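have a look; sequence and predicted model below, questions after that.
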Amino acid sequence: MGGYLSCVDLVDHEVPALREVLQFRARRSVPGITRAAAGSWRLHDLSPDCRCLSTAFCTAAEAAEHARDPFHVARVHGLEPGRLARLLRAVKEAYGTGFRAPPPDVWNATAVVRERDGLERLWQAGVHPELVASLHEALWPGGPPMPVWFYLGAISRRPSFAWVARTLAAVPDQDVAVWLCWTDTEMDRNHPAARAGWLQAGVPRNAITALADGAYTPADVARLAASTRRSVPRAAITLAAWHRAGCHPSPEDIALLDRLDGDPWYEPSVGAVDLLWNRVGNATTGPTRTELAMLLKVCGTRANAPSCVV
C-alpha cells in the first residue's frame, strides 16, 4: 500500500550487487578495466559518488581491487555501502574465505605464464588461473609461456581471439603475440589477414601500428608499391609516415610527388608540417594539412612553401 519493504530492496538490488562483488572476488567474472594512453588504468563502470570518477590507477591490480570493493559496487548499484559490506562479511564468514589467493589445485596454470609471480599478479588483476589457461589455449594453442602483459591485453582490450590465433599461426613470435593483444583496431576486423601478410613481408611493427589506425588499407599499400616500384615494406613505411604526420595523400599523389622531385625516401616531418599549418593553414578556404605537407615536399623548406600557396 505504498509502504517501504526492505525485503524488496534486498531481492531486487542488494542480492544482485552482492552476487557481482562475490563473482569479482572469486575471479569468476573479470572486472571491466582499461589502460589509457598515458599508462594509467580506469574502470568501465564509474559512479559519480565514487573516487574512481576522478582517479586513475597506476596498475591493473589497483583498478581491479577497486572494482571489487563493496563500497564501489554499492555506489554503482545505488545502494547504501554499509549494507552491502555487511552482507559480504556474512558470506565470507559462512564460507571461510576472503578470496585472497587462488585455490591451490589450479597452480598448474604456471606452465603458461612466463613470470614466476605471474599467476599471483594476474589474480590481483582479477583473472582466475583457469581463465589464464583457457586464454592461452584460445590465443596460441601449444604456444610457449606468455608474459603477464599478454593476458592483461587479452582481458582488457578483448581482441578477436580467432584473429590473434590465425596471425600467430603465420608469424609465431612471442613479442608479436603481446603486440597483437594491445594494438588491434577496426582495420584488423575489416582486413584480418593484413597484419600477418605485412609481418611476413618484413614491414616494421611501428609502421603497421600506424597503418592500423585506419587511414590506409592494405590495398593502398599495394597500389603505392605497384605505382612507384617501392617494395611492400617500403610502401607501408611511407604511408605510415604520412599518417603519423596527420596527412593522407592518395598513393597516386605520392607517386606524382616522386616524379616531381625524384626522392622516394621522403617522409614528412610532423614538426615542420605543424609549423607550416599554424602559419598558413586553419582557414576554411585555404589548403588542407595534407596539401601543405605535399607543398613542403615539393618546395623543400618551410620558408619556400607559403609562396606556393595560391
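Received, thanks. Residues are numbered from 1 along each chain as shown.

A67 and F57, how far apart?
10 Å (C-beta to C-beta, to the nearest Å). To be clear about C-beta, it is placed using only N, CA and C from the backbone, and glycine gets the same treatment.

name the residue in those two with the higher neighbour count.
Higher neighbour count among A67 and F57: A67, with 24 against 20, using other C-beta atoms under 10 Å.

my guess is that one meets P31, correct?
Yes - A67 lies in contact with P31 (C-beta atoms under 8 Å); the separation is 3.5 Å.

wait, doesn't D45 sit right on R68?
No - applying C-beta under 8 Å, one finds D45 not in contact with R68, separated by 11.7 Å.

of those two, which one has the most company?
R68 (21 against 16).

how close does that one get to T34?
From R68 over to T34 the distance is 16 Å, taken as C-beta to C-beta.

with V203 instead?
For V203 relative to T34 (C-beta to C-beta), the value is 28 Å.

which of these two has more neighbours?
Each of V203 and T34 has its neighbours counted (other C-beta under 10 Å); V203 has more, 23 against 14.

returning to that earlier point: now do the shared contacts for A67 and P31.
24, 43, 126 (C-beta atoms under 8 Å, 6 or more residues apart in numbering).

got a markdown table for those, with pLDDT, neighbour count and distance to G82 too?
As requested, these are exported to a markdown table (pLDDT from 0 to 100; neighbours: other C-beta atoms under 10 Å; distance: C-beta to C-beta, whole Å):
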| residue | pLDDT | neighbour count | distance to G82 |
| --- | --- | --- | --- |
| F24 | 93 | 22 | 19 |
| L43 | 93 | 21 | 21 |
| G126 | 95 | 23 | 24 |
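
which among the residues you listed gets closest to E252?
Nearest to E252 out of the shared contacts of A67 and P31 is L43 (C-beta to C-beta; 46.1 Å).

need phi/psi at the closest one.
Dihedral angles phi and psi of L43 (degrees, to the nearest 10) take the values phi -90, psi 150.

now for it: which residues touch it?
31-34, 52, 63, 66-67, 72.

6 Å - rerun?
33, 52, 63, 67 (C-beta atoms under 6 Å, 6 or more residues apart in numbering).

measure it to V76 for me?
For L43, the distance to V76 - C-beta to C-beta - is 9 Å.

same deal with E186?
Relative to V76, and taking C-beta to C-beta, E186 is found at 29 Å.

between the two, which is the more surrounded one?
When E186 and V76 are compared for neighbours, V76 comes out ahead with 19 against 10, by other C-beta under 10 Å.

low-scoring stretches of the stretch 201-310 of the chain, by residue?
262, 281-285, 300-310 (pLDDT under 70).

in it, which spans are strands?
Remark: strands of the stretch 201-310 of the chain are absent; assignment by DSSP state E, counting those that start in this stretch.

quick check: W41 touching C52?
No - assessed by C-beta atoms under 6 Å, W41 is found out of contact with C52, at 10.3 Å.

what about those two, which has more around it?
W41 (22 against 19).

show me the contacts for the most centrally placed residue in the chain.
In the chain, the residue lying closest to the centroid (C-alpha atoms, centre = their mean) is W182, at 4.5 Å. Residues near W182 by C-beta under 6 Å, 6+ apart: G153.

tell me the spacing between it and L79.
In terms of C-beta to C-beta, W182 sits 35 Å off from L79.

with L296 instead?
L296 is 59 Å from L79, by C-beta to C-beta.

now do the buried residues in the longest helix along the chain.
Secondary structure assigned by DSSP state H gives helix 81-95 as the longest helix of the chain. Using 16 or more other C-beta atoms under 10 Å as the test for burial, helix 81-95 gives 81, 83-85, 87-88.

that one: how far from the chain's middle?
35 Å (C-alpha atoms, centre = their mean, to the nearest Å).

and for C58, nearest residue in space, chain neighbours not counted?
S40 (6.5 Å; C-beta to C-beta, 6 or more residues apart in numbering).

next one: L211
Closest to L211 by C-beta to C-beta, 6+ apart is A240, at 5.4 Å.

ok, now A85?
P70 (4.7 Å).

for that neighbour, give me its contacts.
21, 84-85, 88.

looking at the residues you listed, spot the one nearest V112.
V21 (28.0 Å).

how many neighbours does that closest one have?
That count, for V21 with other C-beta under 10 Å as the rule, works out to 25.

the one 10 residues further on now?
Summarising burial for P31: neighbours were counted as other C-beta under 10 Å, giving 25.

name the SS class of it, please.
coil (DSSP: H, G, I helix; E, B strand; the rest coil).

isn't it up against H66?
No - in this structure, P31 is not within contact of H66 by C-beta under 6 Å, at 8.6 Å.
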